[in-house]
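Engineer: Coordinates for the following, if possible.
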Amino acid sequence: MSIQTKLKNLESKAKSKGEFALCVAAACLGRDLSDIDARINFLGALHECGYLQNSLKPYRTELGADSPEWTQRCLQRLANGDRDYWALAALLCGEGEKCVQTALNSGYQRLANWSYDHFKLGRVNVVTLYRQAMDSVLSGILEIGYAAKSGECVDVGRSRALSIDKQDSKCIKGILHLTMQAKLPYGAWRTESAKFYIDKTSAKQD
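Structural biologist: Prediction:
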């Protein structure tokens, strides 16, 4: 089945289920498969509407989502807007370490490496990055979390800024502002503010 046929079928399915954002994203992509923004929007809309990893991966392959250009374009969009959830979600399933390196090459700076244990995925390594710093406020926060076993991005976040209340050899503590987060197998959040805390004494990565 061609991707055009798949998109047509998905467009009809999404419309019948009331998933109008996905319906429009599929229709726009169907009109121009070469448009990288339309491709990013489509994958982001798939995730936001609850489609799981086994649905995302085949489209990622067909749409060239593992290319450096894809990651660079997602990062460009995230640098220019606080609410571009689709660009954030379109990073999921990509190679985590390559995504981090692309971000660093694009001007991001590393704030911290840390990790947490996921009940299904095991250890998830997270790199917290920022674009600019002014005193105790960091702007353009990007968090890239990837499964230690597979290397795939499974947890990504973007915030307008991080106000740091405390930073020493033991921890980093503060408040994130205008935050978005996308997770696998599914999870989509947007919050005006969220607590931020990294315990440096236990922030080891595999």
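
Engineer: tally of neighbours for Thr71?
Structural biologist: By other Cβ atoms under 10 Å, 23 other residues sit near Thr71. C-beta: built from backbone N, CA, C; applies to glycine.

Engineer: ugh, typo on my part, it should be Gly64
Structural biologist: Gly64, neighbours per other Cβ under 10 Å, totals 12.

Engineer: Could you do the one 10 residues further on as well?
Structural biologist: Cys74 has 28 neighbours, counted by other Cβ under 10 Å.

Engineer: tell me which residues in the one helix or strand it maps to are buried?
Structural biologist: Cys74 belongs to helix 68-80 when assigned by DSSP states H and E. Neighbour counts over helix 68-80 (16 or more other Cβ atoms under 10 Å) mark 70-71, 73-75, 77-79 as buried.

Engineer: pLDDT check: weakest of the residues you listed?
Structural biologist: Of all those, Ala79 has the smallest pLDDT value, namely 93.

Engineer: Tell me who's in contact with the residue lying closest to that residue once chain neighbours are set aside.
Structural biologist: Spatial nearest neighbour of Ala79, chain neighbours left out: Gly140 (6.1 Å); criterion: Cβ to Cβ, 6 or more residues apart in numbering. Gly140 makes contact with 79, 108, 130-132, 160-161, according to Cβ atoms under 8 Å, 6 or more residues apart in numbering.

Engineer: Report the strands that pair with the lengthiest strand in the chain, each with its relative direction.
Structural biologist: Scanning the chain for the strand with the most residues, using DSSP state E, yields strand 153-167. Here strand 153-167 has these sheet partners by DSSP bridges: strand 137-147 (antiparallel), strand 171-183 (antiparallel).
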